[in-house]
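take a look and give me a structure for this.
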Amino acid sequence: MQKKKLLIFHPYLAPYRIDLYNALTKVFDVMVLLTGSKKELATLGYDLQAVNRQAAFSYQYYSKGLFVGRHLISSIYYKVIKKFKPDILLAHELGINTLFAILLKSIFKHKIFVTIDDSLKMSLNYSKLREHLRKFVITHTDGLIVVHPDIKIFLAQKYGIKGCKYHYLPIIQDEKTLENKFCDALPQSQDILEKYNFLGKKVILFIGRLIEDKNPGLLLDVFAELYKNNTDLRLVFIGDGVLKNILKDTVTSNHLTDTVCFTGRLTGTDLYAWYNIGQIFVLPSLHEPFGAVVNEALVAGCKVIVSDSVGASCLINENNGIIFKTNDYHSLENALSQTITNILPLNKLCVRSSNMNESFSVHVSQFTEFVCSS
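Below is the predicted model:
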């Protein structure tokens, strides 16, 4: 039986999406059109070529034309649809690529589904213009793919438009693939353990850009207070950004130089090695559409603490972490204090059991059934 053709519009290939696209090739003939600007591609923060090499599907990068923000206006959408003749088109967000997919539907008769990566808080606080755009997209597509189950409920209650359905698909990776990466990184993890003298310590990780939206300063303030009565704590900031020097100054003024580590931005094995070290992962963001690092931390066996503005909070339950109130010092302090009390100091390295409560293969199967039956 011939596979249905699935065309995907997206700005670029990403480490947290490559597993999904590869898995879909088992069911569909997949083609991906990538329309991120050269400027955007140059600032992704990971090795794009390394991700590209993992692709088990056909893909094309295209950046010629007029950009409105990060959105490309070009005839390439028409050309690729005409040539590939997709049965199903998966567009991304409420941008130009989605509008072209809708306008061309009457000509090429493809089904259209749209991925929207907004957190629940973001979904509830649209501007009037974006609200009208969302309603237009919902009215003219076959389904919206959202990253939080509560968004699915919210949209169904708010619009309830016949013909458009809503499906929950979190941004997660294949746990088996991740576990292999953590295993391969173990020798490097051992080097880190010895270099930083982490044996017998409780290690907290922050992974992300050191910018206001990620709120690393709140984590550092809470850590500084908890450290006074928990001198076995260690905090590691993995990432770079405009707040780095400010955070370092805070570390110095609080006499925490030997307990707080700044690694800079890391990718690949260099990053996976740290997941084997960290026991608690904290993402205190003020705004976070999803947060793919939450999935990685959970699969690595970390206990995870996130603000209620993080889309990936849907992956957290009472067994694997805590959700705290956004930008609330005492809420984070309570969450972190409770978590450090319930873990043992680091005594040996191994690939720990996953704390993920959702299965990648199950979500892929459910997504495939959704787009084929809608």
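
which residues touch the nearest residue to residue 267 once chain neighbours are set aside?
Taking Cβ to Cβ, 6 or more residues apart in numbering as the measure, residue 267 lies nearest to residue 46, with 4.6 Å between them; neighbours along the chain are not counted. Just so you know, the C-beta spots here come from the backbone N, C-alpha and C atoms, and that holds for glycine as well. Taking Cβ atoms under 8 Å, 6 or more residues apart in numbering as the definition of contact, the neighbours of residue 46 are 14-15, 267-268.

top of those by neighbour count?
Of all the contacts of residue 46, the highest neighbour tally under other Cβ atoms under 10 Å goes to residue 15, namely 20 neighbours.

picking up where we left off before, nearest to residue 170, of the contacts of residue 46?
Distance to residue 170 across the contacts of residue 46 (Cβ to Cβ) is lowest for residue 14, with 14.3 Å.

mind checking what secondary structure that closest one has?
State at residue 14, reduced to three classes by DSSP: H, G, I helix; E, B strand; the rest coil: coil.

next, it: phi, psi?
In this entry, residue 14 is assigned phi and psi values of phi -130, psi 150 (degrees, to the nearest 10).

mind listing what it touches?
By Cβ under 8 Å, 6+ apart, residue 14 lies in contact with 44, 46, 51, 292.

in ChimeraX, select just the buried ones from these.
For anyone working in ChimeraX, the buried entries among those, judged by 16 or more other Cβ atoms under 10 Å, can be selected with:
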select :44,51,292
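
in stretch 126-140, what's buried?
The neighbour-count criterion (16+ other Cβ under 10 Å) identifies 133-134, 137-138, 140 as the buried residues of stretch 126-140.

and residue 362, that one's in a strand?
No. Note on residue 362: no strand contains this position according to three-state DSSP, which reports helix.

what's the burial count for it?
Around residue 362 sit 9 other residues, with neighbours defined as other Cβ under 10 Å.

how about residue 109?
10.

ditto for residue 106
For residue 106, the count of nearby residues is 8 (other Cβ under 10 Å).

and after whichever strand or helix holds it, which helix or strand comes next?
Residue 106 is part of helix 105-108 when elements are defined by DSSP states H and E. The helix or strand immediately downstream of helix 105-108 is strand 111-116, counting by DSSP H and E.

who does that next one pair up with?
Strand partners for strand 111-116, identified by DSSP bridges, are recorded as strand 88-92 (parallel), strand 143-146 (parallel).

what's next to whichever helix or strand comes after that strand, contact-wise?
Following strand 111-116 in sequence order, the next helix or strand is helix 120-124 (DSSP H and E). Counting by Cβ under 8 Å, 6+ apart, the neighbours of helix 120-124 from elsewhere in the structure are 116, 146, 148, 150-151, 154-155, 287, 289, 308-309, 311.

of these, which is the nearest to residue 37?
Proximity of the contacts of helix 120-124 to residue 37 (Cβ to Cβ) peaks at residue 289, which lies at 19.3 Å.

next up, the contacts around that closest one.
Neighbour list for residue 289: 117-119, 122, 147, 311 [criterion: Cβ under 8 Å, 6+ apart].

and of these, the nearest to residue 304?
The nearest member of the contacts of residue 289 to residue 304, counting by Cβ to Cβ, is residue 311 at 13.3 Å.

by contact count, what packs against the helix or strand hosting residue 304?
Residue 304 belongs to strand 303-307 when elements are defined using DSSP H and E. Using 3 or more Cβ pairs under 8 Å, 6 or more residues apart in numbering; DSSP states H and E as the contact criterion, the secondary-structure elements in contact with strand 303-307 are strand 280-283, helix 292-299, strand 321-324, helix 329-341.
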